[in-house]
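J.: based on what follows, work out the 3D shape:
(one chain, ligands or ions: 1)
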Amino acid sequence: MTTPPFDPASTKDIATVSAQLGRPARNVLGIAARCVCGAPTVVATAPRLDDNTPFPTLYYLSHPAATAAMSGLEATQVMPVLQDLLATDDEIRSQYQAAHEQYIANRESIAVVDEIAGISAGGMPVRVKCLHALAAHALAAGPGVNPIGDLALAKSDWSPLICQCMEYSV
Ligand SMILES: [Zn+2]
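T.: Coordinates of the predicted model:
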């Protein structure tokens, strides 16, 4: 797990992320989390891409098995359950708000981009919209920072501690 400043990604890391995404990885700042085998799990992307597009998603889940697991969870009834939890549990709600603020602080430590001011990812701070983004934040920040991301990881059948990597043909 890593939050800024990131070590630069290696050429191999960037090639692996590109293979994971199925397209060239753009504006990679570093690798924010890795599989137990060392393959990237979460890629950190610049807040503004080279083509000038603002990019709010600092932490992007790139690992195919992890993204599949989150898509699988989103297809169950877990989203409304997590949304309800946010509505009824004061502690989780305040942790989620803090996670939102930390996410933006992490990103703004790299660059402040006016178009995405106040915007984090995944529906934070009051909605549960994208488990991929929330799990990516939880993996980068470590346990205890993003409560919904932590719960999504706990409910999923994927773990960073068990390698389910494919051959990335890097
Ligand atoms: Zn692996």
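J.: so which bits of the chain are right by the ion?
T.: 35, 37, 39, 163, 165 (C-beta under 5 Å from the ion). Any C-beta I mention is one placed from the backbone N, CA and C, and that applies to glycine too.
J.: which SS class is the residue positioned nearest the centre of the chain?
T.: Geometric centre of the chain, nearest residue: residue 136, 2.1 Å, by C-alpha atoms, centre = their mean. What DSSP: H, G, I helix; E, B strand; the rest coil gives for residue 136 is helix.
J.: the longest helix in the chain is where?
T.: What stands out as the longest helix in the chain, according to DSSP state H, is helix 90-108.
J.: buried sites along it?
T.: Buried residues in helix 90-108, defined by neighbour count with 16 or more other C-beta atoms under 10 Å: 92, 93, 95, 96, 99, 100, 102, 103, 104, 106, 107.
J.: can you give me the helices in this protein?
T.: 11-21, 64-74, 78-88, 90-108, 131-141, 147-155.
J.: what's the closest of the residues of the chain next to the ion to residue 29?
T.: Here the nearest of these to residue 29, counting by C-beta to C-beta, is residue 39; it sits at 17.5 Å.
J.: residues contacting the closest one?
T.: Counting by C-beta atoms under 8 Å, 6 or more residues apart in numbering, residue 39 touches 16, 20, 63, 163, 165, 168.
J.: at 6 Å instead, please
T.: Residue 39 is in contact with 16, 165, counting by C-beta atoms under 6 Å, 6 or more residues apart in numbering.
J.: could you report the separation of it from residue 121?
T.: Going from residue 39 to residue 121 by C-beta to C-beta, to the nearest Å gives 22 Å.
J.: mind listing what's buried in stretch 27-45?
T.: Neighbour-count burial for stretch 27-45, counted by 16+ other C-beta under 10 Å, picks out 28-35, 39-45.
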